[in-house]
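J.: prediction below, plus the sequence it came from.
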Amino acid sequence: MDAFAEFIKNPPYSILDASPWPIPYDKVTGCLWLPARMEPPFVIERALALSAGDGPIVMQITSKMDGGFIFLFDVNQRVVGKVSCVFSEMANGKWLCYRWVPEVVARNIANLLGGELREMRCNTISRRIEDKKCQLV
């Protein structure tokens, strides 16, 4: 990811916040988000999945550019979050939501991927993501 981030940081793209690569993370819910086409290597995905005890939630996302950011929406047009414009060519489509990832684990994984955590702003949908089988009765 680091080499790609350096590439798009320079002209003709000139996306300045591309390096280190921003990895969307919600500190409140512990959700780490990635476009499905940026699926992490197997060992890293396994560490992320172990945090939730299950694989990621796959969500179909649409987007709308707003200045230097992109708003992400679910299929019901609810705001999922606000991410960097580096995701402009991959914002529409499937995204992976890795739940309950502790911040220290997310930060280490971001470093392994050559990126850094960035707060996923306006994240309202991830607070409604529930997994009934993981709740205590």
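T.: Yep, that arrived. Residues are numbered from 1 along each chain as shown.
J.: so what's the nearest residue to Leu117 once chain neighbours are set aside bridging to?
T.: Excluding its sequence neighbours, the residue lying closest to Leu117 (C-beta to C-beta, 6 or more residues apart in numbering) is Tyr25, at 4.4 Å. Backbone N, C-alpha and C define where each C-beta goes, glycine included. Counting by DSSP bridges, Tyr25 is bridged to Leu32, Glu119.
J.: what is the neighbour count of Tyr25?
T.: Neighbours of Tyr25 under the rule other C-beta atoms under 10 Å: 24.
J.: from Thr62, how far off is it?
T.: Noted for Tyr25: a distance of 21 Å to Thr62, by C-beta to C-beta, to the nearest Å.
J.: now do Met1, the pLDDT please.
T.: Here the pLDDT value assigned to Met1 is 58.
J.: quick one: contacts for Val83?
T.: Contacts for Val83 (C-beta atoms under 8 Å, 6 or more residues apart in numbering) come out as 22, 24, 33, 69-70, 72, 91, 118, 120.
J.: direction included, what does whichever strand in the chain runs longest pair up with?
T.: Criterion DSSP state E: the longest strand present in the chain is strand 57-66. Applying DSSP bridges, strand 57-66 is found paired with strand 69-73 (antiparallel), strand 93-98 (antiparallel).
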